[in-house]
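Asks: give the three-dimensional model of this entry:
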Amino acid sequence: MTDFHRITLPVDCVEPGVHVAPATFVAFLEGPAAHCDGRVFFTDIVNNRVVCLDANTGERSIFREPSGRSNGLLFDAQGRLLACEGNEFGPNDGNRRITRTNLATGDLEVLTDRYQGRRYNAPNDIAACSNGRIFFTDPCYGDRATMELDHDSVYRIDPDGSVTRVLTQPAIQRPNGIALSPDERTLYLVDSCPVIGGNRKIWAFDLAEDGTLSGQRLVFDFGAGRGGDGMCVDAAGRLYIAAGISRPRGPHETAEVPPGIYVVDPSGASEPAGRLLGRIPVPEDVLTNCTFGGPDLRTLYITAGRTLYAVRTETPGWVVHRKG
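Replies: Model (predicted):
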């Protein structure tokens, strides 16, 4: 029997030592958010649209096109769709703002599009509290010449509409995924900086009732591999982190972290506090984000490359619009 895993490159057909790499993207899925009625919304940044899957029928539809290069999505405590409209994979046509859509009426509200008079870099991911407070990340992973701000930061939007910058360099390098603990007393942040020696870390911060953050501590470090992108939390407070890659995209990362959803218990007292519980392997690069949905919140939806995956879990997830 031929061991196909041991077959090498064909002689005189391709250059030695090379690897197949993407020449272009036809889709780049991100930001899944599952509504209580069974609809799952996710973004296709490359094609500048928000797609909707009816999990009850399997039918797909376009919810919004163009989407302003939307990235992360989330339902707030009132079931309204929050969107991080970014600025990647396109000819500078991203809206670079945070919006909120009432699904019942279709009304779209711009929550913020500037900080101190300057446009955001590329809003990436978002977390929402029961009291209406919102946190969002604003890195720049695309053309940094488009930046009007001189920092990659995390912001808070209060219920009165005021915006406060709550985290920036050097405490963090490049903020990406963001999530809350089920008791809303801890804010988790993915710090993923794609430069040699850059952070691939998960941080935790104490979240006070007034929205201030303190007590920064390391939860998990992916080392030199591709670190986390998006993440979500289950009802037991465990983190589900989309991370890893099969083949490194440059000298800034290695292949030592294979693609999958890494489940981490963040509750340890020492640093790094997190305990890796396991990995849910996903057969595609590049994993971007995940969320819980389904009638019992035990379906984990995962965006990866051009595919939306789903896997059943033993423990239900935690999402603010279905809290309690």
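Asks: make it CA atoms for all contacts and neighbour counts henceforth
Replies: Will do.
Asks: check which residues of the helix or strand containing Phe220 are buried.
Replies: Element membership for Phe220, per DSSP states H and E: strand 213-221. In terms of neighbour count (16 or more other CA atoms under 10 Å), strand 213-221 has its buried residues at 213, 217-221.
Asks: same question, stretch 171-178
Replies: By neighbour count with 16+ other CA under 10 Å, stretch 171-178 contains the buried residues 172-178.
Asks: right, and the helix or strand after the strand holding Phe220?
Replies: Toward the C-terminal end, the helix or strand that comes next after strand 213-221 (DSSP H and E) is strand 228-233.
Asks: contacts for that next one, please.
Replies: Contacts to strand 228-233, defined as CA atoms under 8 Å, 6 or more residues apart in numbering, come from residues 31, 125, 176-182, 190-192, 200-202, 222, 239-244, 287-292, 317-319.
Asks: now swap in stretch 192-203 and tell me
Replies: 173-176, 188-191, 216-229, 251-253.
Asks: buried set for it?
Replies: 192-194, 198-203.
Asks: just the C-alpha atoms of stretch 33-49, please, in PDB.
Replies: Only the C-alpha atoms of stretch 33-49 are listed here, as PDB (Å, rounded to 0.1, in the frame of the first residue of the first chain):
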ATOM      1  CA  ALA A  33     -23.900  36.400  15.700                       C
ATOM      2  CA  ALA A  34     -26.800  34.100  16.400                       C
ATOM      3  CA  HIS A  35     -30.300  35.500  16.900                       C
ATOM      4  CA  CYS A  36     -32.800  33.700  19.200                       C
ATOM      5  CA  ASP A  37     -35.100  33.000  16.200                       C
ATOM      6  CA  GLY A  38     -32.500  30.700  14.600                       C
ATOM      7  CA  ARG A  39     -30.900  33.200  12.100                       C
ATOM      8  CA  VAL A  40     -27.100  33.400  12.100                       C
ATOM      9  CA  PHE A  41     -25.600  36.600  10.800                       C
ATOM     10  CA  PHE A  42     -22.000  36.700   9.600                       C
ATOM     11  CA  THR A  43     -19.800  39.000   7.600                       C
ATOM     12  CA  ASP A  44     -18.000  38.400   4.300                       C
ATOM     13  CA  ILE A  45     -15.400  41.200   4.400                       C
ATOM     14  CA  VAL A  46     -13.900  40.600   1.000                       C
ATOM     15  CA  ASN A  47     -17.300  40.800  -0.700                       C
ATOM     16  CA  ASN A  48     -18.500  43.700   1.500                       C
ATOM     17  CA  ARG A  49     -21.700  42.100   2.800                       C
END
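Asks: pLDDT wise, what is the residue sitting nearest the centre point of the chain at?
Replies: Centroid check for the chain by CA atoms, centre = their mean gives Gly230 as the closest residue, at 2.5 Å. Looking at Gly230, its pLDDT reads 97.
Asks: circling back to that earlier point, okay if I get the buried residues of strand 213-221 as CSV plus pLDDT and distance to Asp12?
Replies: Listed next are these as CSV, based on pLDDT from 0 to 100; distance: CA to CA, whole Å:
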residue, pLDDT, distance to Asp12
Leu213, 98, 59
Arg217, 97, 52
Leu218, 97, 49
Val219, 97, 48
Phe220, 96, 44
Asp221, 96, 41
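Asks: run through the residues that contact Ile45.
Replies: Neighbour list for Ile45: 27-30, 69-71, 88-89 [criterion: CA under 8 Å, 6+ apart].
Asks: please tell me which one of those counts the most neighbours.
Replies: For the contacts of Ile45, neighbours were counted using other CA atoms under 10 Å, and Ser70 has the most, 35 neighbours in all.
Asks: can you name the residues bridging to that one?
Replies: Beta bridges link Ser70 to Glu85, judged by DSSP bridges.
Asks: which stretches in the stretch 201-324 of the chain count as strands?
Replies: For the stretch 201-324 of the chain, applying DSSP state E, counting those that start in this stretch gives strands covering 213-221, 228-233, 239-243, 260-265, 275-281, 287-293, 299-304, 307-312.
Asks: just put these in CSV and tack on distance to Pro10.
Replies: Listed next are these as CSV, based on distance: least, CA to CA, whole Å:
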stretch, distance to Pro10
strand 213-221, 38
strand 228-233, 35
strand 239-243, 32
strand 260-265, 30
strand 275-281, 29
strand 287-293, 30
strand 299-304, 30
strand 307-312, 30
